[in-house]
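*Asks:* let me see the structure of the following:
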Amino acid sequence: MTSHAHPALAALRQLGLITATQFDEAMDELAILALDEDDDVDMPRLAANADTAETLAWLLRTDLLPQDAFLQRVRELPRQHDGAALQQRQQLAADALRQVNRQAVDTLYDENLINQWQRDAAHASLPADRLLSSPIAALREMLAQGSLTAPQFEALRTRQHGSELARIIVDGAVRQARRQRPAYARPGTWLLAALMLLALAFAGRAIVSGQDAAPRAPAIKGNTIERGDLQQRAAQAVEHARVPGAGAALSVTVVQDAGRDGATPPAP
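*Replies:* Numbering: from 1, shown residues only. Predicted coordinates:
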């Protein structure tokens, strides 16, 4: 296939929005798609009459034009062009980016994950400086912007119906959310601290009841005996279990109930 087979692709190369290597790879991909009349290849097809914006969007969607390389090239345009030439290229890049992002949102609507109002709200607030490279990214973007609320997202996560693609999109968004949660927000951190405190409390009770004599009498407060050494250990355990930024440290006091064992606490 020659460059004349798709003028829009050749125009993008002339405008400098794609490199010679990216142009050749795109032409090779078009040749493969042309040989596959049964649509067995898992690759979006490019319409023969697609304009330059649609062709650029196709390159981004198929990753034949990587997002990082594309955005870097757009940032460098003002150093290479000015006036009408710069405006033409910037407008073309913006149109292509908008098309890709709109299609990601439209997939959510087609799979019945969002309603028409949510789709229109998402269209109105699409990012202009980055690519929503998949419906998963679009769903996460809507959740961050508030056009999809947390309860609505939870309803999608727990619903029992829907297509296989819809379940893949929601599951992917859930996995991304879990990876992005800060460590101190995960329940396992504080659960570990609580278990450590519980173990220290039982260990302190066993130590106190098994001692024949203590070198220093513990202080009495009401009907409890405060163990300063165990309090210090417990506080240290909590401090070690905490993650930086998790909030204020817990204040923990480990006490031994003097009346439960029937023993009379020593005089101060």
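
*Asks:* would N112 count as being in a strand?
*Replies:* No - counting by DSSP: H, G, I helix; E, B strand; the rest coil, N112 is not part of a strand but coil.

*Asks:* that one and Q103: what is the separation?
*Replies:* N112 sits 16 Å away from Q103, going by C-beta to C-beta, to the nearest Å. For every residue, glycine as well, the C-beta is placed using N, CA and C.

*Asks:* what about these two, which has more around it?
*Replies:* Neighbours of N112 and Q103, each counted by other C-beta atoms under 10 Å, are more numerous for Q103; the result is 16 against 13.

*Asks:* what helix or strand does that one sit in?
*Replies:* Taking DSSP states H and E as the criterion, the element that holds Q103 is helix 83-110.

*Asks:* same question for A31.
*Replies:* Per DSSP H and E: A31 is located in helix 20-35.

*Asks:* over to P44?
*Replies:* Short version: P44 belongs to no helix or strand, going by DSSP H and E.

*Asks:* dihedrals phi and psi, it?
*Replies:* According to degrees, to the nearest 10, the main-chain angles of P44 amount to phi -60, psi 140.

*Asks:* so what's it up against?
*Replies:* By C-beta atoms under 8 Å, 6 or more residues apart in numbering, P44 lies in contact with W58, R61, T62.

*Asks:* quick one, which of those residues are buried?
*Replies:* Using 16 or more other C-beta atoms under 10 Å as the burial test, these include W58, R61 as buried.

*Asks:* among the contacts of P44, which are in helices?
*Replies:* Members of the contacts of P44 lying in helices (criterion: DSSP state H): W58, R61.

*Asks:* now do the strands in the chain.
*Replies:* Residue ranges of the strands in the chain, as given by DSSP state E, are 219-221, 224-226, 255-257.

*Asks:* average pLDDT for the last one?
*Replies:* Summarised as a single mean, pLDDT over strand 255-257 is 46.

*Asks:* so where's the stretch 51-200 of the chain uncertain?
*Replies:* Low-confidence segments of the stretch 51-200 of the chain, defined by pLDDT under 70, span residues 180-200.

*Asks:* look up phi and psi at L46.
*Replies:* Backbone dihedrals for L46, given as degrees, to the nearest 10, come out at phi -100, psi 120.

*Asks:* any idea how far it is from E29?
*Replies:* As for L46, its distance to E29 is 9 Å (criterion: C-beta to C-beta).
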